[in-house]
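In: Fold the following.
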Amino acid sequence: MIQNKNKTVVKSMELLNLFIEHSRLSLNEMVELSGIPKTSIHRMVGSLEGMDFLQKGEDGKYSLGLLFLQFGQLVAERLDIRQIALPAMTKLRDQVEEAVNLIIRDGKEAIYIEKLDTNHPVRLYTKIGRRSPLYAGACSRIILSYIEEKERERYLQETELNPFGHGTITDKERLRQELEQAREKGYTISYSELENDTVSIAAPIFDHTGRLVAGISIAGPQVRFEKERIPDLIGHLLKTSEEISRELGWRGAK
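Out: Residues are numbered from 1 along each chain as shown. Just a heads-up that it's a prediction; the model follows:
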């Protein structure tokens, strides 16, 4: 009996998974897509509708029920991005042997919420809780890159671009170009923007809605970021950012 119940649960999940790719489905479409017999589909849909997992529209097609909104909100509220990101950050730090930072937006600033240091004796002495303006530094800029266009432009118009290091971008048109390139490439690089003689490479982290929720970066002294090493660092970073995003429910293109 228990085994049969488990089979029913598995089949029900297979049915609900159809709605990941399809917003609305008829009974016949569910049968065609799942390969489950029509009598079983009728039975499962009736049960799922009764529990508010599915809802039926006026045209007879079904969509996910409002109960999923409640579950989704609870999951989103309870996710601790630091805890989720830490295993992947640790693996990245060990691979590249450079500091790895996790940053989120806080108003017009970015704030470091996690950092893993390198074992190299020469290192950057940033710390959790450090803040930086959204326009300066790779990790801050990757966040700014993915802010909605109108809000991003309003920020640029209202913000004075003051220098921190000799590489800080203080020309707004050049900054706009950098932001556009960051969105196109999926990463950005900064040289001596927050501190002189440093390099940072950053990539975005997305949640289940496709919204950017954080930035992750590799950072260190410029002397260790040779030109020929950069592509390898970018590859490791992008793989890690995608891994964390998928842990948060992101289903973007691989």
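
In: Quick one: the helices in the stretch 51-200 of the chain, in order.
Out: 67-78, 81-96, 138-145, 149-158, 172-185 (DSSP state H, counting those that start in this stretch).

In: Around the residue nearest to Leu92 when sequence neighbours are not counted, count how many other residues there are.
Out: On the basis of C-beta to C-beta, 6 or more residues apart in numbering, the spatially nearest residue to Leu92 that is not a chain neighbour turns out to be Thr240, at 4.5 Å. Placement of C-beta: from N, CA and C, glycine included. Thr240: 23 surrounding residues under other C-beta atoms under 10 Å.

In: give me the element Thr240 is part of.
Out: Assigned by DSSP states H and E, Thr240 belongs to helix 230-247.

In: in that helix, what counts as buried?
Out: Leu233, Ile234, His236, Leu237, Leu238, Thr240, Ser241, Glu242, Glu243, Ile244, Ser245, Glu247 (16 or more other C-beta atoms under 10 Å).

In: Least confident of the residues you listed?
Out: Least confident by pLDDT among these: that is Glu247, with 90.

In: hang on, isn't it packed against Ile84?
Out: Yes: look at Glu247 against Ile84 with C-beta atoms under 8 Å: they come within range, at 5.0 Å.

In: Which one of the helices of the stretch 51-200 of the chain lies nearest to Asn196?
Out: helix 138-145 (15.1 Å; C-beta to C-beta).

In: what's the closest of the buried residues of helix 230-247 to Val45?
Out: Nearest to Val45 among the buried residues of helix 230-247, counting by C-beta to C-beta, is Glu247 at 30.9 Å.

In: and the gap between that closest one and Thr170?
Out: To Thr170, Glu247 is 37 Å away according to C-beta to C-beta, to the nearest Å.

In: if I pick the residue most central in space within the chain, what's in contact with it?
Out: Nearest to the geometric centre of the chain sits Phe206, at 1.8 Å (C-alpha atoms, centre = their mean). Residues in contact with Phe206 (C-beta atoms under 8 Å, 6 or more residues apart in numbering) are Leu212, Val213, Ser245, Leu248, Trp250, Gly252.

In: if I pick Tyr135, what's in contact with it?
Out: By C-beta under 8 Å, 6+ apart, the contact set of Tyr135 is Arg141, Leu144, Leu156, Thr159, Leu161, Ile169, Leu175.

In: what do you get if the cut-off is 10 Å, keeping everything else the same?
Out: Going by C-beta atoms under 10 Å, 6 or more residues apart in numbering, Tyr135 touches 108, 110, 141, 144, 155-156, 159-162, 168-170, 172, 175, 178-179, 193.
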